[in-house]
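> Got a predicted structure here, sequence first:
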Amino acid sequence: MRTAPPRTPPTSSNATALFERHRAAMLGAAYRVLGTVGDAEDAVQETWLRFWRVDPAAVREPRAYLVRAVVRQALNQVRHRGRLRESYVGPWLPEPVYGTGPFGVVPGAGVRGGDGSTTPEPGSAAELAESVSLAMLVVLQSLSPAERAAFVLREVFGLPYAELAEALDRSPEAARQLASRAREHVREASPRFPVDAARHREVTERFLAASRGGSIDDLLQLLSPDVVLISDGGGLRRAALRPIVGRENVLRFSAGIMARPDVSRLEPAELNGRAGIVAVSGAGVETAVGFRIDGGVVTGIYVMRNPQKLGRVEPPRYNPVIL
């Protein structure tokens with residue numbers, strides 16, 4: 001059970017204000033490493049329990065300091081919860097959120113240190129939002145925890161290698177190599193011909209229209225021949241226990257999910273900053289679907305059915321986008 005931050009004496013009010021100012025950035029960093037909002041919130045809470053007695057005047061760059069600290073807490077969680085992940089039923093997917101969540105676009109990315117190393121320029125809002133997309137989170141989860149943390153700290157938040165080394169308890173050269181491996185893996189796993197948000201929405205809307213009553217040919221034209229569908233039911237709802245590969249196989253599985261009697265309608269939704277689809281029943285969202293789109297065709301479909309990871313995906317008419 002999560003507890004509220006401890007009551008702090010008046011002398012810590014500056015620390016409290018400083019922490020709250022950077023909470024969204026910390027939550028975003030932890031979410032990218034861990035893949036679930038609840039675990040990210042726990043990492044932020046643990047960071048607060050260590051920070052509230054800190055004298056803010058002694059912290060030279062608060063945002064970089066706090067992001068490093070929360071990523072260390074996130075790595076601790078990964079180590080402690082590794083066995084739970086190993087016993088998970090079927091594929092594990094990141095938890096989707098409606099809109100961009102409270103952390104998708106991180107203002108002021110690219111905090112610099114003073115070691116003189118070359119660091120990436122701060123990303124645009126679109127690039128930062130993409131770093132929290134379901135497709136990117138799936139790629140990040142394929143990295144080792146250390147590589148994932150290195151990518152988030154270096155590529156998303158722009159920390160220099162000296163600070164990256166400190167956060168990961170490695171030498172600067174080892175940290176540089178780790179970040180390089182992570183960056184190369186992400187590059188290889190990313191779409192060859194990425195699309196912008198407008199094109200992504202167009203393809204998703206065509207997929208939705210075809211699913212609602214279009215022809216099989218309409219769907220086939222949208223799917224890559226080697227499309228991969230990954231579904232996460234967590235052992236609590238029907239889902240495939242292994243990834244499904246190929247257009248015909250994906251179509252058969254998708255038809256079974258979309259035609260379930262407990263699904264009253266399919267609706268468009270903003271999931272992790274990109275267009276997606278939710279299947280809604282009288283009880284709320286039963287399924288959330290995100291897409292990986294490469295050159296205008298769907299190459300990856302991510303189907304979340306685990307009810308424990310649908311708490312932040314609500315019918316569009318109830319849940320505004322949080323920026």
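Arrived safely, thanks for sending.
> got the CA positions of stretch 27-43 in CSV?
Written as CSV, here are the backbone C-alpha positions of stretch 27-43 (Å, rounded to 0.1, in the frame of the first residue of the first chain):
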residue,chain,number,x,y,z
LEU,A,27,7.2,10.0,-13.1
GLY,A,28,7.9,10.0,-16.8
ALA,A,29,11.4,8.7,-16.3
ALA,A,30,10.3,5.9,-14.0
TYR,A,31,7.4,5.0,-16.2
ARG,A,32,9.7,4.6,-19.2
VAL,A,33,11.9,2.3,-17.2
LEU,A,34,9.2,0.3,-15.4
GLY,A,35,6.3,0.3,-17.9
THR,A,36,3.5,0.7,-15.3
VAL,A,37,2.2,3.9,-13.7
GLY,A,38,1.7,2.3,-10.3
ASP,A,39,5.3,1.1,-10.1
ALA,A,40,6.5,4.5,-11.4
GLU,A,41,4.5,6.3,-8.6
ASP,A,42,6.2,3.9,-6.1
ALA,A,43,9.6,4.9,-7.4
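> so how far is that stretch from its chain's centroid?
Stretch 27-43 has its C-alpha centroid displaced from the chain centroid by 9 Å (CA atoms, centre = their mean, to the nearest Å).
> Please apply the same query to stretch 86-101.
In terms of CA atoms, centre = their mean, the centre of stretch 86-101 is set 9 Å apart from its chain centre.
> for stretch 149-157, same thing?
Offset of stretch 149-157 from its chain centre (CA atoms, centre = their mean): 13 Å.
> what are the C-alpha coordinates of it, in CSV please?
Taking C-alpha atoms only, stretch 149-157 is exported to CSV below (Å, rounded to 0.1, in the frame of the first residue of the first chain):
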residue,chain,number,x,y,z
ALA,A,149,17.8,3.4,-17.8
ALA,A,150,20.8,4.6,-19.9
PHE,A,151,18.5,5.3,-22.9
VAL,A,152,16.0,7.2,-20.8
LEU,A,153,18.5,9.3,-19.0
ARG,A,154,20.7,10.0,-22.1
GLU,A,155,18.3,10.1,-25.0
VAL,A,156,15.1,11.4,-23.4
PHE,A,157,16.5,13.6,-20.6
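> What's the mean pLDDT across it?
In this model, stretch 149-157 has a mean pLDDT of 95.
> same check, this time on stretch 291-307
For stretch 291-307, the mean pLDDT works out to 97.
> Can you give me the end-to-end span of it?
From its first residue to its last, stretch 291-307 covers 19 Å (CA to CA, to the nearest Å).
> buried sites along that stretch?
Going by neighbour count (16 or more other CB atoms under 10 Å), the buried part of stretch 291-307 is 291-294, 297-307. Every residue, glycine included, has its C-beta placed from N, CA and C.
> After the one helix or strand in the chain whose mean pLDDT sits lowest, which helix or strand is next? Please name it.
Using mean pLDDT, DSSP states H and E, the weakest-scoring helix or strand in the chain turns out to be helix 125-130, at a mean of 60. Later in the chain than helix 125-130, the nearest helix or strand by DSSP states H and E is helix 134-141.
> Not counting that next one itself, show me its contacts.
With contact meaning CB atoms under 8 Å, 6 or more residues apart in numbering, helix 134-141 is reached by 32-33, 35, 92-94, 96, 130, 148, 151-152, 185-186, 189-191, 230, 271-272, 274, 276, 290-292, 300, 302.
> what stretches of the stretch 201-323 of the chain score poorly on pLDDT?
257-263, 315-323 (pLDDT under 70).
> quick one: the helices in it?
When assigned using DSSP state H, counting those that start in this stretch, the helices of the stretch 201-323 of the chain occupy the ranges 216-222, 247-258.
> Reformat these as TSV; add mean neighbour count.
Listed next are these as TSV, based on neighbours: other CB atoms under 10 Å:
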stretch	mean neighbour count
helix 216-222	14
helix 247-258	16
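> With respect to residue 312, which of those helices lies nearest?
Closest of those to residue 312 is helix 247-258, at 20.3 Å (criterion: CB to CB).
> Just the CA trace of that closest one, in CSV.
Output of helix 247-258 as CSV, limited to C-alpha atoms (Å, rounded to 0.1, in the frame of the first residue of the first chain):
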residue,chain,number,x,y,z
ARG,A,247,-1.9,-11.2,-41.5
GLU,A,248,-4.3,-14.2,-41.6
ASN,A,249,-3.4,-15.3,-38.0
VAL,A,250,-3.7,-11.7,-36.7
LEU,A,251,-7.1,-11.2,-38.4
ARG,A,252,-8.5,-14.4,-36.9
PHE,A,253,-7.5,-13.5,-33.4
SER,A,254,-8.6,-9.9,-33.8
ALA,A,255,-12.0,-10.9,-35.0
GLY,A,256,-12.5,-13.1,-32.0
ILE,A,257,-11.6,-10.3,-29.6
MET,A,258,-13.7,-7.7,-31.4
